[in-house]
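**Student:** Build me a structure from this.
(chains A, B, C and D)
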There are 2 protein chains.
Amino acid sequence: MAARTTSGPCQAWPEESGFIREVLDRIGDKWTVLVISTLAGGPMRYSDLQASIPGISQRMLTVTLKALERDGLLLRTAYPEIPPRVEYELTDLGRSLLTSVKALAAWAATHHEDVAANRRAHEQTGVGREKARTTSPEGSRAR
Amino acid sequence: MAARTTSGPCQAWPEESGFIREVLDRIGDKWTVLVISTLAGGPMRYSDLQASIPGISQRMLTVTLKALERDGLLLRTAYPEIPPRVEYELTDLGRSLLTSVKALAAWAATHHEDVAANRRAHEQTGVGREKARTTSPEGSRAR
DNA sequence: CGGAATCCTTGTCGATACTG
DNA sequence: CAGTATCGACAAGGATTCCG
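**Tutor:** Reported below is the predicted structural model:
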């Protein structure tokens, strides 16, 4: 966990911040994680992916797919047949990322209620103008 | 690595995808994770945060801080003194998220070299034209 | 010191149309 | 079927300025 606890004004973390930014720039967009998750069940064709991800456009599917392929997270296999058939499949690298992503999903599943509760509490206390609260009355509500 | 369950043809993800989107919308932006990471060492003042996060503007620091406070991930404490002093501190909820985020950072630290290598390989193979691999001419899975 | 309000530059995403 | 190309809409982010 934290390298130093209650050490005061600590700053300038090592280099983790750079790594975090890297992975966030990659999966932080709207569709990447959805594509990876959908591909978790095995190889899929382009049209299957589009059908399985409601709301995605051809453009974004293509862009996301190409970015993931470029980074070695998924493998594209085109069969020179007619009609043309292309399959996408996660690589080992892609699956390892999926594991980490699922950890985040687990966090969300566990705590999204707390987040929603805190948000509602805040909307009541200080909608958008009144925030002249010197100290926070309530706050940490972990379970 | 137990990704595929008896090789299902398609996906049909439960509802985890929704949770993933939730958390990604929250931490997927440019600064949120950086703020949380910086706050991992203990309470910090506004100006300390700004000094510890190179490149962040006052605006983005304020916006990020308010969003995190609203969701109950950090606690804001204002001391009515002069000069005014405000401290920000992670809540238990915030720290639990930090743990999950660090898992992602660990993935990045472990695999970012592989990603970079794959990316370079791709630039050579098919820079701007024709990268059809047509590998594995096997009918591994068709319908 | 710790913000809020404003403006403006970008990158990102979505819809549409066209090609192989 | 499986993309590619182009345009426009939108919102995140940055710089600046002012207030408590």
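**Student:** Show me which residues of chain A sit near DNA strand D.
**Tutor:** Residues of chain A found near DNA strand D (C-beta under 7 Å from any atom of the strand) are A:45-48, A:58-59, A:62, A:65-66, A:76, A:78, A:83-86. (Glycine included, C-beta is placed from N, CA and C.)
**Student:** ok, 6 Å please
**Tutor:** Within chain A, the residues that sit near DNA strand D (C-beta under 6 Å from any atom of the strand) are A:Arg45, A:Tyr46, A:Ser47, A:Gln58, A:Arg59, A:Thr62, A:Pro83, A:Pro84, A:Arg85, A:Val86.
**Student:** as a whole number, average confidence for stretch A:71-91?
**Tutor:** Averaging pLDDT along stretch A:71-91 yields 95.
**Student:** Does chain B have contacts with it?
**Tutor:** Yes - residues of stretch A:71-91 contacting chain B under C-beta under 8 Å from any C-beta of the partner chain: A:Asp71, A:Gly72, A:Leu73, A:Arg76, A:Thr77, A:Ala78, A:Tyr79, A:Pro80, A:Leu90.
**Student:** for stretch A:94-109, same thing?
**Tutor:** Yes - applying C-beta under 8 Å from any C-beta, one finds stretch A:94-109 touching chain B at A:95-109.
**Student:** buried subset of those residues?
**Tutor:** With burial judged by 16 or more other C-beta atoms under 10 Å in any protein chain shown, the buried subset of those is A:95-98, A:100-105, A:107-109.
**Student:** Identify the residues contacting A:Gln58.
**Tutor:** A:Gln50 (C-beta atoms under 8 Å, 6 or more residues apart in numbering or on different chains).
**Student:** For it, give me the pLDDT.
**Tutor:** In this prediction A:Gln58 is given a pLDDT of 96.
**Student:** swap in A:Val63?
**Tutor:** 97.
**Student:** can you pull the contacts of it?
**Tutor:** A:Val63 neighbours (C-beta under 8 Å, 6+ apart): none.
**Student:** Which neighbouring elements make contact with the helix or strand where A:Leu97 lies?
**Tutor:** Here A:Leu97 sits within helix A:92-125, counting by DSSP states H and E. For helix A:92-125, the packing partners by 3 or more C-beta pairs under 8 Å, 6 or more residues apart in numbering or on different chains; DSSP states H and E come out as helix A:16-27, helix A:32-39, helix B:16-27, helix B:58-70, helix B:92-125.
**Student:** which residues touch the second one?
**Tutor:** Here helix A:32-39 makes contact (C-beta under 8 Å, 6+ apart) with A:26-27, A:44, A:49, A:52-53, A:56, A:61, A:64-65, A:67-68, A:73-74, A:88-90, A:94, A:97-98, A:101, B:11, B:13, B:16-17, B:20-21, B:24.
**Student:** now do 7 Å
**Tutor:** A:26-27, A:44, A:49, A:52-53, A:64-65, A:68, A:74, A:88-90, A:94, A:97-98, A:101, B:11, B:13, B:17, B:20, B:24 (C-beta atoms under 7 Å, 6 or more residues apart in numbering or on different chains).
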